[in-house]
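Colleague: coordinates only, sequence not included:
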């Protein structure tokens, strides 16, 4: 599995502040956001995969793009910026993620 992360900024009437929903409705892909409340319904309604911060970091770790220490550092910086994350550390997230798979 390869990891490709792209960022595009296009206004979207269906989801204010997010990418153009028309593109995603007609093309394969996944949607990532730092605000799940804004995109969850869209992903469910259109059957698009939602990638969370934890998902992206986990794939980057598995692909050798980042180390566990780097993942923990990124996670900590995000928490310092008051981002809502499901666990106190990336290491803790991985423990829960692996036990759930």
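Modeller: On my side now, so go ahead. In this text, all values refer to a predicted model and were calculated from it rather than measured experimentally.

Colleague: Mind telling me what element the closest residue in space to residue 40 that isn't next to it in sequence is part of?
Modeller: Distances taken as Cβ to Cβ, 6 or more residues apart in numbering put residue 50 closest to residue 40, at 6.8 Å, once the chain neighbours are dropped. Heads up, the C-betas are built off the backbone N, CA and C, glycines and all. Per DSSP states H and E: residue 50 is located in strand 49-51.

Colleague: Report all helices and strands that the longest helix along the chain contacts.
Modeller: Using DSSP state H, we find that the single longest helix of the chain is helix 68-80. Judged by 3 or more Cβ pairs under 8 Å, 6 or more residues apart in numbering; DSSP states H and E, the packing partners of helix 68-80 are helix 53-62, helix 90-100.

Colleague: Adding mean pLDDT, write those helices out as TSV.
Modeller: Formatted as TSV, the helices and strands packed on helix 68-80 follow (pLDDT from 0 to 100):
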stretch	mean pLDDT
helix 53-62	88
helix 90-100	84
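
Colleague: and residue 92, how far is that from residue 72?
Modeller: 9 Å (Cβ to Cβ, to the nearest Å).

Colleague: Between those two, which is the more surrounded one?
Modeller: Per other Cβ atoms under 10 Å, whichever of residue 92 and residue 72 has more neighbours is residue 72, with 18 against 14.

Colleague: Check the helices and strands packed on helix 68-80 for me and report the most buried one.
Modeller: Comparing the helices and strands packed on helix 68-80 by mean neighbour count (mean count of other Cβ atoms under 10 Å), helix 53-62 ranks first with a mean of 18.

Colleague: Specify the angle between that one and helix 68-80 in degrees.
Modeller: 160 degrees (axes from the mean of the first three to the mean of the last three Cα atoms, to 10 degrees).

Colleague: what's the angle between helix 53-62 and helix 90-100?
Modeller: 90 degrees.

Colleague: For helix 53-62, which helices and strands make contact with it?
Modeller: helix 68-80, helix 90-100.

Colleague: Any chance of those in CSV with distance to residue 41 as columns?
Modeller: Formatted as CSV, the helices and strands packed on helix 53-62 follow (distance: least, Cβ to Cβ, whole Å):
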stretch, distance to residue 41
helix 68-80, 24
helix 90-100, 23
